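>>> dropping a prediction and its sequence here:
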Amino acid sequence: MPFKQLGLSEEVLRGVQAAGYTEPTPVQLRAIPLVLAGKDVIGSAQTGTGKTAAFALPILTLLKTHGKCRCLVLGPTRELAAQVETAFRDYGRFTNLKTVAVFGGVGYGDQKQGLQRGTDIVVATPGRLLDLMEQGFVKLQDVNLLVLDEVDRMLDMGFLPDVRRIIDHCPKNRQTLLFSATVPPEIERLAAWVLRQPEKVEIGISRSPADTVTHACYPVATSQKFQLLAALLQRTNFDSVLIFSRTKHGADKIAARLRAERHSVVALHSNRTQRERIEALDGFKSGKYEVMVATDIAARGLDVEDISHVINYDVPQHPEDYVHRIGRTGRAQKVGDAFTLVTIEELEYLRAIERFIGQKIPQLKLENFTYVLTPLFEGKQISGDRRSVRAVRTMKGYSFSPSRRRR
Ligand code: AMP
């Protein structure tokens, strides 16, 4: 079905055309008519499915023309807020609707000015929004469209109490859309409180990575992790690669070592200033940096086109994060590759991921790389059961890192 038949306004359809979209994605097909019909929605579509347009396009249609602040979008990170703001501006470029993004880590000036000038849509992270509400710059009494995006991540980051306080300031008579990749009991309780007879939109199995991603794991000893990463980069024909590290310190260290190997690389994590983060992301998007090393803040929702490879330097400890991380490649039907380096200490996390996504992650060995653990990987699938882990730990050449054992 073409976009035209979904009931979007002429101006918004022109915005869609200018964005180069020809057909709605499945989540757009399902969600747009529901939002236009005034329904509350609970959506579990994966990132990379066109989720932002699924709510932004009908909202821009419903708002029609510039007026009071009638739409609030809450999300977990500054990057996501900035990205959603850009999406609203892009899709709404042929309307006279205004969007302002409100997030911490930057000065107040522009945000206060934008709010004072008058905006129809506010896209915000909870902390700075509450701050500006307390200072009297934002009033939510006219909000009749509320979007809670990436709610599971807001829960992880401890934002739900702030989210509840903000919702308390919105009128009860409103339409609410809630997006969350997973719905643990806390989110179920929130959903029961904020939503009225919601329609469910589940696209694909939210646990499975996009079909367009080929993924594999590379078993390796801890002491050889960086060497293997360097070898993989050397031998892979990549355009742009996003590497995930579990810690900020780790991300900086990997970035520094790759820089020493003459890669154009940048690190993205929450210890960097907002200016540095914007520069990193823009530089990665424009191709100035071919490698970005990031922590999980970059994993959710970020829209960077054409990432050819995602490499998990560490196996994510939460299975959902695996899906989000590798969802950075293979977006919107492009084909991407995702590799995970796995040490024996991380096997249990790998197994948890396999259970979560309901499939085995194929195991690969890099040809002509001198593994200290070669016998482990020859012809066998590594196994996570305790006996084999013990057996492997006692193998010659295997170095067991005590700091990891404590985890
Ligand atoms: P999202 O899931 O909102 O992060 O979107 C993922 C990517 O898909 C973004 O790069 C969007 O620009 C793109 N996208 C969204 N809708 C469509 C569409 N109907 N056709 C092609 N690309 C789209």
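Cool, the structure landed.
>>> could you look up the SS state of residue 176?
strand (DSSP: H, G, I helix; E, B strand; the rest coil).
>>> number of nearby residues for it?
Each residue near residue 176 was counted by other C-beta atoms under 10 Å, and the total is 23. Glycine gets a C-beta too; all of them are placed from N, C-alpha and C.
>>> these two touch, right, it and residue 195?
Yes: counting by C-beta atoms under 8 Å, residue 176 touches residue 195, with 5.4 Å between them.
>>> neighbours of the nearest residue to residue 294 once chain neighbours are set aside, how many?
Spatially, and ignoring its direct neighbours in sequence, residue 294 is nearest to residue 268 (4.2 Å; C-beta to C-beta, 6 or more residues apart in numbering). Number of residues near residue 268 (other C-beta under 10 Å) recorded here: 26.
>>> quick check, pLDDT for residue 268.
Confidence at residue 268, expressed as pLDDT, is 89.
>>> what does the one 10 residues further on give?
At residue 278 the predicted local distance difference test score is 85.
>>> chain center to the helix or strand where it lies, what's the gap?
Assigned by DSSP states H and E, residue 278 falls within helix 274-286. Helix 274-286 sits 16 Å away from the centroid of its parent chain (C-alpha atoms, centre = their mean, to the nearest Å).
>>> show me where pLDDT drops low in the stretch 101-250 of the chain?
203-212 (pLDDT under 70).
>>> spell out the residue ranges of the strands in it.
121-124, 145-148, 175-179, 199-201, 213-219, 241-244 (DSSP state E, counting those that start in this stretch).
>>> list of residues touching the last one?
Counting by C-beta atoms under 8 Å, 6 or more residues apart in numbering, the neighbours of strand 241-244 from elsewhere in the structure are 229, 233, 254, 284, 290-296, 298-299, 304, 307-314, 316, 325, 328-329.
>>> those in helices, which ones?
Per DSSP state H, helices hold the following members of those: 229, 233, 254, 284, 325.
>>> quick one, what contacts the third one?
If I follow you right, that is residue 254. 226, 229, 243, 245, 267, 293, 313.
>>> 7 Å - rerun?
243, 245, 293, 313 (C-beta atoms under 7 Å, 6 or more residues apart in numbering).
>>> same thing with residue 231?
Applying C-beta under 7 Å, 6+ apart, the residues near residue 231 are 366, 369.
>>> 9 is where my numbering starts, stick with that
I'll keep to 9 as the first residue from here, and by that count the last item is residue 239.
>>> distance check, it against residue 96.
Counting by C-beta to C-beta, to the nearest Å, the gap from residue 239 to residue 96 is 43 Å.
>>> then residue 210?
With C-beta to C-beta as the criterion, residue 210 and residue 96 are 24 Å apart.
>>> who has more neighbours, those two?
Using other C-beta under 10 Å as the criterion, residue 210 and residue 96 rank with residue 96 on top: 30 against 12.
>>> secondary structure element for that one?
helix 86-99.
>>> quick check: angle from that helix to helix 282-294?
Counting by axes from the mean of the first three to the mean of the last three C-alpha atoms, to 10 degrees, helix 86-99 lies at 60 degrees to helix 282-294.
>>> among the contacts of strand 249-252, which ones are in strands?
Secondary structure defined by DSSP state E assigns 299, 300, 301, 302, 317, 318, 319, 320 of the contacts of strand 249-252 to strands.
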